[in-house]
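Visitor: my questions concern the predicted model and sequence given below.
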Amino acid sequence: LVILITNSLTNYMEKIRDLVKANKSLKPMDILLDKRYPHPQQIQERLDFLKFLLKDGQLWLCADQAKQIWQCLAVNAAFSSDRDECFRWFGKLMGEEPDLDPGINKEFFENNILQLDPQLLTESGIKCFERFFKAVNSKEEKLKAKHRGYVLDDEDLIGRDYLWRIIMTSGEEIAFKAIELLIEVSTAIGPHLQENISTFHENFINDCCDKVN
């Protein structure tokens, strides 16, 4: 069923892209491919049903289907709203009880999320990035969960360069959220880095100066 719904979404999006290519003035709500439901609802219903299957069936979304959904909605979106819906959905998958196979988090993060133009990120996009960023670096023990936050144990965070790209190239609102995330993961220092705190501070300041210059 998971494969069936994923393929249905992919096939549907191929038809929509063809329509938009032929008529660039089309708006999402104007498209009723089945004469019943508008385009945004077509995507949402498929994703909601897929989320229900994963949650109720106690399943994990596997690598192939995760990549397929990301490619058809985030990378090859027909409308910006498609991409935003994709960000929201993947962000929800990485909630307190993740529905994405934990074994593929790092690979999916590096090969898909970190390959997307950071200027395409919306508020939902930065939230999606943040959840993967924290989950992946926690699993790699670069970040360690403590109380309600995280402690930095290794400054070589996976996705750190991308985080800086968001800060430097995105709009003000998204860049500000990225700065908040950078501050959050760079100010709570674990015992390992505390031993050479002056070196850590020097490296961090130099890194900031290099990026800005």
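Guide: Thanks, I have it.
Visitor: which parts of the protein are helices?
Guide: Ranges of helices in the chain, per DSSP state H, are 2-22, 39-56, 63-70, 80-93, 105-111, 123-139, 160-169, 172-187, 191-194, 197-212.
Visitor: and stretch 136-146, end to end?
Guide: Start-to-end span of stretch 136-146 (CA to CA, to the nearest Å) is 16 Å.
Visitor: flag every buried residue along it.
Guide: 136, 137, 142, 143, 144 (16 or more other CB atoms under 10 Å). Where you see a C-beta, it was placed from the backbone N, CA and C, and this is true even at glycine.
Visitor: would you confirm that the first one contacts residue 103?
Guide: No: counting by CB atoms under 8 Å, residue 136 does not reach residue 103; the two are 11.7 Å apart.
Visitor: low-confidence ranges, the chain, go.
Guide: Residue ranges of the chain with pLDDT under 70: 194-195, 212-213.
Visitor: ok, and the closest non-adjacent residue to residue 20?
Guide: Of all residues not flanking residue 20 in the chain, residue 78 sits nearest, at 4.8 Å (CB to CB, 6 or more residues apart in numbering).
Visitor: what does residue 127 give?
Guide: According to CB to CB, 6+ apart, the nearest residue to residue 127 is residue 91 (5.0 Å).
Visitor: mind checking how far that neighbour is from residue 135?
Guide: 11 Å (CB to CB, to the nearest Å).
Visitor: try residue 66
Guide: Distance from residue 66 to residue 135, by CB to CB: 14 Å.
Visitor: number of residues surrounding residue 1?
Guide: Residues lying near residue 1 (other CB atoms under 10 Å) number 10.
Visitor: how close does the closest residue in space to it that isn't next to it in sequence get to residue 139?
Guide: Setting aside the residues directly before and after it, residue 1 is nearest to residue 53 in space (CB to CB, 6+ apart), at 5.6 Å. Counting by CB to CB, the gap from residue 53 to residue 139 is 25 Å.
Visitor: so residue 92 makes contact with residue 52?
Guide: No: applying CB under 8 Å as the test, residue 92 and residue 52 come out as separate, 11.8 Å apart.
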